[in-house]
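> got a predicted structure plus its sequence, pasted below:
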Amino acid sequence: MRALFLALGIGLCSPALAQQAADTVAPEGAGAGALQVPGLLAGAQAAKDAGRPVEAENWMIAAAHPLAVEAGAKVLRAGGTAADAMVAVQAVLGLVEPQSSGLGGGAFLVWHDGASGEITTLDGRETAPMEATPTLFQDETGQPLEFFDAVVGGRSVGTPGTPALLRAAHDRWGQAAWPGLFADAIRLAEEGFAVSPRLASLVQGDADRLARFPATRAYFLPGGEPLAVGDRLRNTAYAETLRVLANDGPRAFYTGEIAADIVATVQGAPGNPGVLTETDLAIYRVKERPALCVPYRSYEVCGMGPPSSGASTVGQILGLLSPFDLAGLGPDEPEAWRLIGDASRLAFADRGRYLADNEFVPVPLKGLLAPDYLKSRSDLLRGDDALPQVAPGRPEFDHALNWADDQSIELPSTSHVSIVDGYGNALSMTTTIENGFGSRLMVRGVLLNNELTDFSFASHDEGRPIANRVEPGKRPRSSMAPTILRRDGAPVLVLGSPGGSMIIGYVAKTIIAWADWGMDVQEAVALPHLVNRFGPYDLERPEHAAALRGMGYAVSLTKLTSGLHAIEVGRTLKGGADPRREGLAYGE
Ligand code: GLY
């Protein structure tokens, strides 16, 4: 049962809620309909509005919604680790930013351990059901489905990984008692929170799809009308799901009544049923994998290897740029963006052909990042104009490879959390339900992902298989790039972003802005985006277009809504939050 209160402070508010309302402020210059920010974070909001990083001595958190930051801050202040705080943050994000991430989705986490100095990753990516086949997203004639025909409904739903990942991180690195980490999210879900401008505008824009399923419609379109900014929204079903997770652990999500409800919803989705079963949920496992680290300037850039293409593609871009003096060129020089743009095109060409879940297909990871290979590709950048043609290279590999190029459609989505705790641990986690609102199916207050549409819809091209085709149990290729830069074994920058396949460009740009151009974290995340994948040069600002056109690029002016959250670790901690989204950085 959900309830909606159309104004703050009306009789239906509990005393705790009234107190919470009294303790919130709107950002400076914001009118009615602005984001509600807890009083604790007023300074963080002011710093973001002024374009300054937030500075702190002991710990810091940067995440996509003030209420999630507040929940994480409480855990850190009480002596919790970054892993503890992450659990609290994710539980709140699933409530206040449900369109982006939650228990129904998956995540990748990079961890630098303050005590041992080791860096590792956790793969909580969704898996394809055991009954899925390479033709999952094709019609009866073998033609790929239209994107949203595939997304909306049960067909796109993979086995969620996030509940298991929360527990795996907590088991390894947590100190706080597990049940208490859900307290803030449960309270907010029961008492209600103010719908943010971003959530309201996304509901408005997606109303037709959200209206297709009764539970989703009732929550996001109460009385048939889309939620509006400032509406107080409760999700008591989510509170109950969190309570089960808090008391009984993730096993209670992957088996029993919750699992049965998820399966019934996916298999029963009208018009577009899926093939997920209770067995898929019961056998789901988080995988710990070695971090993929590449050198750049004086740093080691560490991130998530396959099934994500994040670290390898960011690593290739940086590796291709290493021979060039980007610092000398600076961010205002079109030549710098020619180099970055074509390095990115070359890296994306390789990504499209070779990157996939390497437990299912052989991926020439070492060859793609080998210094000789990168040098040969980097030499292609030595002209003056955009490369007339870009094609995948031939990295060294001990397998014969004959893949066709990938045909995935990857739209912006997702959320990113960066945390540094008081013990010297650093955590970078990108978390997602894929498209905004995922599959649009809602079970027990949780939106289910559409992660399977990150697979290539086409399985073959001219008789050659596509590496990222659907296979049972396989994890769809991701672009998520949670990243930690280290120098001499110590973390110096923790970052990541949402944004579908744009994530790779956002993260690479932020690293270059910080490492080559000497920007602070807030400047680096705010710097206008220019992203080149394997098509036109996507630009946020029109002033960049003429010079790039002159070099031979097709350009596309578009909204590039990243959600970068970055923490610089130096003498103090400095946090940056993307001005394009609602998140904040906060530390003490
Ligand atoms: N679904 C977003 C990504 O994994 O890249």
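Ah, there it is. Numbering: from 1, shown residues only.
> measure how buried H399 is and give me the count.
9 (other C-beta atoms under 10 Å). All C-beta spots, glycine's among them, are computed from the backbone N, C-alpha and C.
> give me the pLDDT for whichever residue of the chain sits closest to the ligand.
Nearest to the ligand, among the residues of the chain, is S478, at 3.2 Å (C-beta to the nearest ligand atom). Per-residue confidence (pLDDT) for S478: 97.
> before we move on, what about V25?
Reported pLDDT for V25: 38.
> return the residues in contact with the closest residue to Y238 other than its chain neighbours.
In space, and not counting its chain neighbours, Y238 is closest to G445: 3.0 Å by C-beta to C-beta, 6 or more residues apart in numbering. For G445, the contacting residues are A189, Y219, N235, T236, A237, Y238, A239, E240, T241, taking C-beta atoms under 8 Å, 6 or more residues apart in numbering as the criterion.
> over to the fourth one: give its phi and psi.
Just to be clear, that refers to T236. phi -70, psi -30 (degrees, to the nearest 10).
> same check on the second one?
Torsion angles at Y219 (phi, psi; degrees, to the nearest 10) stand at phi -80, psi -50.
> confirm for me that it is in contact with Y238.
No. Contact criterion C-beta atoms under 8 Å: Y219 and Y238 do not qualify, at 9.4 Å.
> just to revisit the earlier point, once you drop chain neighbours, what's closest to the residue of the chain closest to the ligand?
S478 sits nearest to S308 (C-beta to C-beta, 6+ apart), 4.1 Å away.
> count of neighbours near the one you found?
With other C-beta under 10 Å as criterion, S308 counts 29.
> what's near enough to touch it?
F108, D123, R125, R477, S478, S479, M480, A481.
> just how off-centre is stretch 225-243 within its chain?
22 Å (C-alpha atoms, centre = their mean, to the nearest Å).
> buried sites along that stretch?
Within stretch 225-243, the residues that count as buried by 16 or more other C-beta atoms under 10 Å are 226-227, 229-243.
> among the residues you listed, which lie within helices?
Counting by DSSP state H, the buried residues of stretch 225-243 place T236, A237, Y238, A239, E240, T241, L242, R243 in helices.
> nearest to W337, of those?
Y238 (43.3 Å; C-beta to C-beta).
> I figured that closest one hits V96, correct?
No. Using C-beta under 8 Å, Y238 is not in contact with V96; the gap is 10.6 Å.
> right, and the residue of the chain closest to the ligand touches P307 too?
Yes. Contact criterion C-beta under 8 Å: S478 and P307 qualify, at 6.0 Å.
> next, show the common contact partners of these two.
R125.
> how about S156, nearest residue that isn't a chain neighbour?
Closest to S156 by C-beta to C-beta, 6+ apart is N450, at 3.6 Å.
> and that neighbour, what does it touch?
So N450 contacts A150, V151, V152, S156, V157, I433, E434, N435, G438, S439 (C-beta under 8 Å, 6+ apart).
> looking at this, N449 is in a strand?
No. Applying DSSP: H, G, I helix; E, B strand; the rest coil, one finds N449 to be coil, outside a strand.
> tell me the phi and psi of it?
According to degrees, to the nearest 10, N449 has phi -70, psi 170.
> if I look at it, how far off is A391?
33 Å (C-beta to C-beta, to the nearest Å).
> settle it for me: which of these two has more neighbours?
Higher neighbour count among N449 and A391: N449, with 31 against 13, using other C-beta under 10 Å.
> tell me the contacts of that one?
104-106, 126, 156-158, 160, 432-434, 438-439.
> that older thread, mind pulling the model confidence for the residue nearest to Y238?
On the pLDDT scale, G445 gets 98.
> for A30, same thing?
36.
> can you check R533 too?
Taking R533 on its own, its pLDDT is 91.
> could you report the neighbour count for it?
23.
> my understanding was that it contacts Y506; is that so?
No. R533 lies out of contact with Y506 (C-beta under 8 Å); the separation is 11.5 Å.
> most neighbours among the contacts of N449, which one?
Busiest of those [other C-beta under 10 Å] is V157, holding 36 neighbours.
> that one in helix, strand or coil?
Going by three-state DSSP: V157 is coil.
> number of nearby residues for the closest residue to L527 other than its chain neighbours?
Computed as C-beta to C-beta, 6+ apart, the closest residue to L527 that is not its neighbour in sequence is A513, at 5.0 Å. Neighbour count for A513, taken as other C-beta under 10 Å: 20.
> go through this structure and flag its longest helix.
helix 334-354.
> could I get the buried residue list for whichever helix or strand comes after it?
As assigned by DSSP states H and E, the chain's next helix or strand after helix 334-354 is helix 365-368. Along helix 365-368, these residues count as buried under the neighbour rule (16+ other C-beta under 10 Å): L365, G367, L368.
> could you pull up phi and psi at G576?
Torsion angles, degrees, to the nearest 10, at G576: phi -130, psi 140.
> give me the neighbour count for it.
G576: 33 neighbours (other C-beta under 10 Å).
> what's opposite the closest residue to Y284 other than its chain neighbours in the beta bridge?
Among residues not flanking Y284 along the chain, T159 sits closest, at 4.8 Å (C-beta to C-beta, 6+ apart). Beta-bridge pairing for T159 (DSSP bridges): T127.
> kindly provide the distance from T159 to V275.
T159 is 11 Å from V275, by C-beta to C-beta.
> between those two, which one's more packed in?
T159 (29 against 20).
> isn't that one right up against L281?
Yes. Between T159 and L281 there is a contact under C-beta under 8 Å: 5.8 Å.
> so which residues of the stretch 251-400 of the chain form strands?
For the stretch 251-400 of the chain, the strands defined by DSSP state E, counting those that start in this stretch cover 287-290, 292-296, 299-303.
> go on, the stretch 51-200 of the chain?
54-56, 60-63, 106-112, 119-124, 193-194.
> the longest one close to the ligand?
Which is strand 106-112. No. In terms of C-beta under 6 Å from any ligand atom, no part of strand 106-112 sits within range of the ligand; the closest distance is 7.7 Å.
> and that strand, which strands flank it?
strand 119-124 (antiparallel), strand 426-432 (antiparallel).
> can you redo these as JSON lines with mean pLDDT and distance to D398?
What follows is the strands paired with strand 106-112, written out as JSON lines (pLDDT from 0 to 100; distance: least, C-beta to C-beta, whole Å):
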{"stretch": "strand 119-124", "mean pLDDT": "98", "distance to D398": "24"}
{"stretch": "strand 426-432", "mean pLDDT": "98", "distance to D398": "31"}
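> and of those strands, who's closest to Y254?
Per C-beta to C-beta, nearest to Y254 of these: strand 119-124, 12.4 Å.
> in contact with L245, which residues?
Contacts of L245 (C-beta under 8 Å, 6+ apart): L103, P163, F182, A252, F253.
> how is it assigned, secondary-structure-wise?
Criterion first, three-state DSSP; result for L245: helix.
> roughly how far does it sit from R217?
For L245, the distance to R217 - C-beta to C-beta - is 25 Å.
> now swap in V69 and tell me
30 Å.
> more crowded one of these two?
Using other C-beta under 10 Å, the more surrounded residue of V69 and R217 is V69, with 33 against 16.
> isn't F137 up against D454?
No. In this structure, F137 is not within contact of D454 by C-beta under 8 Å, at 10.7 Å.
> in the chain, where is pLDDT below threshold?
1-33, 407-412 (pLDDT under 70).
> number of residues surrounding E359?
Count around E359 with other C-beta under 10 Å applied: 15.
> what sits against L355?
By C-beta under 8 Å, 6+ apart, the contact set of L355 is P306, S309, S312, T313, V363, D406, A467, N468, R477.
> so which of those residues are in helices?
S312, T313.
> export the contacts of L355 as a markdown table, with columns for neighbour count.
What follows is those, written out as a markdown table (neighbours: other C-beta atoms under 10 Å):
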| residue | neighbour count |
| --- | --- |
| P306 | 26 |
| S309 | 30 |
| S312 | 28 |
| T313 | 28 |
| V363 | 26 |
| D406 | 25 |
| A467 | 24 |
| N468 | 30 |
| R477 | 28 |
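> between the contacts of L355, which is closest to L560?
T313 (17.1 Å).
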